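1. following is a predicted model, sequence given first.
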Amino acid sequence: MTELTSATETIPQTTFADLGVRDEIVRALTEKGIEHPFAIQELTLPLALAGDDVIGQARTGMGKTFGFGVPLLQRITTDADARPLTGAPRALIVVPTRELCLQVTEDLATAAKYLTAGTAEGRTRPLAVVSIYGGRAYEPQIEALQTGADVVVGTPGRLLDLSQQGHLQLGGLSVLVLDEADEMLDLGFLPDIERILRQIPVERQAMLFSATMPGPIITLARTFMNQPTHIRAEAPQSSATHDTTEQFAFRAHALDKVEMVTRVLQAEGRGATMIFTRTKRTAQKVADELAERGFKVGAVHGDLGQIAREKALKAFRSGEVDVLVATDVAARGIDIDDITHVINYQIPEDEQAYVHRIGRTGRAGKTGIAVTLVDWDELPRWTMIDKALGLNNPDPVETYSNSPHLYAELGIPPEATGTVGAARKSPVKRRENESRSSSDGQKPARNRSGNRRRTRGGQPVSGHPAGAAPAGTNGEAATDAGPGAPTNNGATNGATNGATNRRRRRRRKPTESTAASAPSN
């Protein structure tokens, strides 16, 4: 296995055109402001364009998608004369998560904007890039495959389902890509990957891209790749996290973490921010509390449906919300270059998860800030992560939301408090409330038995004769006894003798002698 290494991470001045990329792709990328390739792209493109198998290794946010996407698009369209694009999948990209599937599909569609393919009638059509992933209905994805899919981007489970059903044909592939292979290993997808590999042609180009290269991934690469060249986009001694990301760790009390987060969210220069938790429940709890304090926040976790997750991500990308709370699994594949802050509300499971979290900021040469809140019971795990990554901060300083050094180190204004304005409703709670109260003010309220409540002059009416209270109530209405009969004057006496919950019987009208001797209240 040949290995190439770049000792620099600065953006090179070489253009995509200099590397032999087609004019149509160069034009599409230029319109998006992408003119110069990153290190991983500059090293990968010459080999991938020549049809060689490639293993690309670079940290998160260093441009791996176009590293395999550009040569993939160029190869299948350049070979169209010998192998016309008929609408059957010619290239397959396997990704670990739904969010990454959508992101890669969008990036490839951007680069393929001016590329075309032929039809059976001899006409031309736009190159079709189709996403296949779980959590959505099968029918639209099946229809997209039947209409024509030159490039398919998908998650392992749904790809296998549609393949077994006969809707996805993998026998005509000429290019295969495994993206974020280490994450697929973490999520237990390797058996599914092996099943997919058994269905594709032996003669095809293969590319594997990953931020880290654990042993099982190396073994997998040796089984399905043909003499691949291993490309690293940084020096071997480079740290696993971005050098442009400034990292802070504070020992924090669980009950004060939300308060600390609200201060960090008011730091000077704070832009789009991601907050990571380990559990789904904590993610939603933090999102709800921040929304109640006035922050524009969304949530992405496994308890949300796919539509809700996509809506939250769309709002985050568009700037409608600038804080996104997410679990590790749900956040994998979120590829946004403008995130300024990452907050680890809970410690990740290991150093690899920490690297992926921190990699959401400081991307594409930009600077970023990562803040980790370490609770007392999380200290052993943090010590392990600190040692593995050489962060040199095994015992973070004890910090609270009013600690002066927190304000000083993160650039938080002294006047910052725990709220920033009127309370907002989190997206989940808002949808629940809308569905629960969609008819409020439109129809008369009903009681538990389903009957409409009667009103008179805007006041509720019990349905009993005037001056009478329904049996078992705690009101002040007297029974229909004659003058001088005892009354239930408020709830005081009833609460004392326990009679408030007992059903009272109507009394017959007393005789004059009985009424005269009845005690008055």
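-> In hand now; what should we look at?
2. what pLDDT, on average, does stretch 276-296 get?
-> The average pLDDT within stretch 276-296 is 94.
3. buried sites along that stretch?
-> Across stretch 276-296, burial judged by 16 or more other C-beta atoms under 10 Å covers 276-278, 280, 282-293, 295-296. Heads up, the C-betas are built off the backbone N, CA and C, glycines and all.
4. for stretch 405-421, same thing?
-> L406, Y407, E409, L410, I412, A416.
5. pretty sure the fourth one sits against V261.
-> No - the pair L410 / V261 is not scored as a contact, 11.3 Å apart, by C-beta atoms under 8 Å.
6. can you pull out the low-pLDDT segments for the stretch 301-450 of the chain?
-> 330-333, 335, 364-365, 425-450 (pLDDT under 70).
7. if we use 80, what do you get?
-> 329-337, 352, 362-366, 421-450 (pLDDT under 80).
8. ok, which stretches of it are helices?
-> For the stretch 301-450 of the chain, the helices defined by DSSP state H, counting those that start in this stretch occupy 306-318, 328-331, 351-358, 379-389, 404-410, 427-436.
9. nearest to F189, of those?
-> helix 328-331 (11.9 Å; C-beta to C-beta).
10. ok, the residue lying closest to I385 once chain neighbours are set aside to M384 distance?
-> Closest residue in space to I385, ignoring its immediate chain neighbours: E351 at 4.8 Å, by C-beta to C-beta, 6 or more residues apart in numbering. Distance of E351 to M384, given as C-beta to C-beta, to the nearest Å: 7 Å.
11. next: P228.
-> 32 Å.
12. who's in contact with the residue sitting nearest the centre point of the chain?
-> For the chain, V300 is the residue whose C-alpha lies nearest the centre (C-alpha atoms, centre = their mean; 3.5 Å). Each residue near V300 by C-beta atoms under 8 Å, 6 or more residues apart in numbering is listed here: E99, A283, R309, A312, L313, L324, V325, A326, T327, A330, A331, I334.
13. which of those residues tops the neighbour count?
-> Greatest neighbour count in those, by other C-beta atoms under 10 Å, goes to V325: 31 neighbours.
14. check contacts around that residue.
-> 274-277, 283-284, 286-287, 290, 297-301, 345.
15. mind doing that once more with 7 Å?
-> Counting by C-beta atoms under 7 Å, 6 or more residues apart in numbering, V325 makes contact with I275, T277, A283, V286, A287, V297, A299.
16. inside strands: which ones of those residues?
-> In strands, defined here by DSSP state E, the members of the contacts of V325 are I275, T277, V297, A299.
17. with those residues in mind, which one is nearest to T399?
-> I275 (16.8 Å).
18. elements contacting the helix or strand containing L208?
-> In this assignment (DSSP states H and E), L208 forms part of strand 205-210. Identification of packing neighbours for strand 205-210 by 3 or more C-beta pairs under 7 Å, 6 or more residues apart in numbering; DSSP states H and E yields strand 54-57, helix 64-78, strand 175-179, helix 181-186, helix 215-224.
19. and the next helix or strand past the fourth one?
-> Sequence-wise, the next helix or strand downstream of helix 181-186 (DSSP H and E) is helix 190-197.
20. relative to strand 175-179, how tilted is that following helix?
-> 170 degrees (axes from the mean of the first three to the mean of the last three C-alpha atoms, to 10 degrees).
21. okay, the angle between helix 190-197 and helix 215-224?
-> Going by the same axes, to 10 degrees, helix 190-197 makes 10 degrees with helix 215-224.
22. and the helices of the stretch 301-450 of the chain as CSV, adding distance to E35?
-> CSV is the format used below for these (distance: least, C-beta to C-beta, whole Å):
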stretch, distance to E35
helix 306-318, 22
helix 328-331, 29
helix 351-358, 28
helix 379-389, 33
helix 404-410, 34
helix 427-436, 37
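23. circling back to that earlier point, of the ones in strands among the contacts of V325, which is the nearest to L45?
-> Among the ones in strands among the contacts of V325, and counting by C-beta to C-beta, the member closest to L45 is I275, at 35.9 Å.
24. in JSON lines: the contacts of V300, plus distance to T116.
-> As requested, the contacts of V300 are arranged in JSON lines below (distance: C-beta to C-beta, whole Å):
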{"residue": "E99", "distance to T116": "29"}
{"residue": "A283", "distance to T116": "43"}
{"residue": "R309", "distance to T116": "33"}
{"residue": "A312", "distance to T116": "35"}
{"residue": "L313", "distance to T116": "30"}
{"residue": "L324", "distance to T116": "37"}
{"residue": "V325", "distance to T116": "42"}
{"residue": "A326", "distance to T116": "38"}
{"residue": "T327", "distance to T116": "41"}
{"residue": "A330", "distance to T116": "36"}
{"residue": "A331", "distance to T116": "36"}
{"residue": "I334", "distance to T116": "31"}
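25. alright, that wraps it up for me.
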